[in-house]
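Q: With the sequence up front, the predicted model follows.
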Amino acid sequence: MGVFNKIRSKFHDDWCSKCYTPMREVNRKLFMLPMMVGHYVSHDKAEYYKKNLVPVEKKADIPTGMYACGVIVYHCSDCSNHVVKLSIFLPVRNQEQYEDAYLFEHGELDDFLKEQGILF
């Protein structure tokens with residue numbers, strides 16, 4: 001692992017922060033957040049998402065004016081580390097207006113993701 005890979009891992013969500021190698025995406029799921037447009041409040045604690053994420057099959061299932069959350073799970077084949085990325089956005093006319101993105105690298109969402117069948 002070179003210094004270049006260590007630096008790259010700081011700027012790429014899909015690079016392992018432990019061994020500085022590329023990770024692979026292993027799962028992806030869409031959720032709705034119970035927040036309406038104009039009332040967005042940033043939350044960086046995993047507990048908030050565990051209590052409030054509502055699974056949906058597709059963006060069309062999210063009522064107009066409600067926020068969505070895309071969840072991506074990355075896995076490192078080299079050191080078995082996994083990272084969960086949450087992307088908070090407002091679906092607007094087939095586009096996504098992003099508000100926030102959070103990385104959870106210490107298993108904070110593991111129990112919730114296992115309940116949802118996203119993490120095994």
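A: Looks like it came in fine. Keep in mind that this is a model prediction, so the values were computed, not measured.

Q: Could you look up the next helix or strand downstream of the helix or strand harbouring Ala101?
A: Using DSSP states H and E, Ala101 falls within strand 95-104. Moving toward the C-terminus from strand 95-104, the next helix or strand (DSSP H and E) is helix 110-115.

Q: Tell me which other helices or strands that following helix touches.
A: Counting contacts by 3 or more C-beta pairs under 8 Å, 6 or more residues apart in numbering; DSSP states H and E, helix 110-115 packs against helix 46-52. C-beta: built from backbone N, CA, C; applies to glycine.

Q: which other helices and strands contact the helix it packs on?
A: So helix 46-52, by 3+ C-beta pairs under 8 Å, 6+ apart, packs with helix 110-115.

Q: If you count neighbours, what's buried in the helix it packs on?
A: Buried residues in helix 110-115, counted by 16 or more other C-beta atoms under 10 Å: Asp110, Phe112, Leu113.

Q: thinking again about what came up before, who touches the strand holding Ala101?
A: 13, 40, 42, 44, 46, 67-68, 83-91 (C-beta atoms under 8 Å, 6 or more residues apart in numbering).

Q: Could you pull out the strands in this structure for me?
A: 24-36, 54-56, 66-75, 82-92, 95-104 (DSSP state E).

Q: would you turn those into TSV with mean neighbour count, mean pLDDT and distance to Phe120?
A: Converted to TSV, those look like this (neighbours: other C-beta atoms under 10 Å; pLDDT from 0 to 100; distance: least, C-beta to C-beta, whole Å):
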stretch	mean neighbour count	mean pLDDT	distance to Phe120
strand 24-36	15	95	9
strand 54-56	14	97	17
strand 66-75	20	96	10
strand 82-92	19	93	10
strand 95-104	14	92	17
